[in-house]
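# below: sequence and its predicted model.
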Amino acid sequence: MSDEQQVVIFQLNDQQYALPIQETQEIIRMTDITRVPNTKSYVEGIINLRGSIVPVIDLNRRLDLPVRGYTDATRIIVVEYEGQKVGMIVDNVLEVGRYTADEMEPPAVAGDNMEFLRGVIKKGDRLWLLLNLGRVL
């Protein structure tokens, strides 16, 4: 029996982030987003996903990272949290990765956005920042 966890690895600016695969519904290409007035600064708007209205947030903006323009690599990761689907705009989706408990460490850095992280996964010379979806949303 394996204690491996699967994660979706994606990129924001030059850093790799991870999201547990069981929290991920689907990954879609960038699409037209309808802006909604009087929402938080990181809420881009809403999209129509096969008949469902899904709010979309810009993850760079949510994590106070520099916001880049959208490219062909830009994706929306659709997650479901407490019964609500939410789209998160990321710069690029890289792969589905696996990690074990001994490859993960708690986020040891003090900072404003540390509550957004569940941990840091060390894969060889790469570091994946594991998002805490409950805090991000």
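Alright, I've got the coordinates.
# pretty sure Thr74 sits against Met88.
No: the criterion here is Cβ atoms under 8 Å, and Thr74 misses it with Met88 at 11.2 Å. C-beta here means a position set from N, CA and C on the backbone, and glycine is covered the same way.
# ok, Thr24 touching Val8?
Yes: using Cβ under 8 Å, Thr24 is in contact with Val8, at 5.0 Å.
# what is in contact with these two at once?
Ile77 (Cβ atoms under 8 Å, 6 or more residues apart in numbering).
# quick one, grab the pLDDT at Pro107.
With respect to pLDDT, Pro107 has a value of 78.
# identify the residues contacting it.
So Pro107 contacts 114, 117-120, 129 (Cβ under 8 Å, 6+ apart).
# so the closest residue in space to Val90 that isn't next to it in sequence versus Leu63, what's the distance?
In space, and not counting its chain neighbours, Val90 is closest to Phe10: 4.3 Å by Cβ to Cβ, 6 or more residues apart in numbering. Per Cβ to Cβ, to the nearest Å, Phe10 is found 12 Å from Leu63.
# alright, that wraps it up for me.
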